[in-house]
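Chemist: Sequence plus the predicted model coming up.
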Amino acid sequence: MVSDTLTAEETGPWRDNTRIVRRDEARNAIVQAKKGEGGPLVVFGSMTTWNDLLAAGLIDELHIMVGAGVLADGVPAFSVRPPGPMRLSAARQLGDSNIALLLYSLR
């Protein structure tokens with residue numbers, strides 16, 4: 001988990017298997033984790049973190065959910081360009097919703 005303010009005591013039932021990494025250490029922690037033998041690494045809802053990892057070429061896939069809505073203003077999801085091409089490798093509708101899940105490969 002990447003946070004500059006969260007403490008282990010605040011992670012509730014995940015306390016025993018959660019490692020908190022400070023934002024300025026996140027990139028190095030991901031590099032080390034990708035060298036290991038663990039499973040996939042997932043980033044949920046942290047635009048600052050995913051943009052930094054994207055700029056560093058550390059992201060293999062992007063799972064983007066697109067909903068049926070129009071925003072007149074807002075915060076862009078990406079502040080950097082991917083270091084290489086993005087290839088659409090899957091697309092599906094989530095249940096009966098108006099949300100599409102798009103999977104892009106970056107490797």
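Modeler: Good, I have the coordinates. Numbers count the residues shown, from 1 in each chain.
Chemist: so how far is His63 from Met86?
Modeler: 12 Å (CB to CB, to the nearest Å). Just so you know, the C-beta spots here come from the backbone N, C-alpha and C atoms, and that holds for glycine as well.
Chemist: who's more crowded, those two?
Modeler: Taking other CB atoms under 10 Å, Met86 and His63 do not tie; Met86 has more neighbours (15 against 12).
Chemist: For that one, list the residues it contacts.
Modeler: Contacts of Met86 were listed using CB atoms under 8 Å, 6 or more residues apart in numbering, and they are 62, 104-106.
Chemist: again, only this time at 7 Å
Modeler: 62, 104, 106 (CB atoms under 7 Å, 6 or more residues apart in numbering).
Chemist: and which of those is nearest to Glu37?
Modeler: In terms of CB to CB, no member of these lies closer to Glu37 than Leu106, at 21.6 Å.
Chemist: quick one: that closest one and Ile59 touch, right?
Modeler: Yes - using CB atoms under 7 Å, Leu106 is in contact with Ile59, at 5.6 Å.
Chemist: Which one's more surrounded, those two?
Modeler: Per other CB under 10 Å, whichever of Leu106 and Ile59 has more neighbours is Ile59, with 20 against 16.
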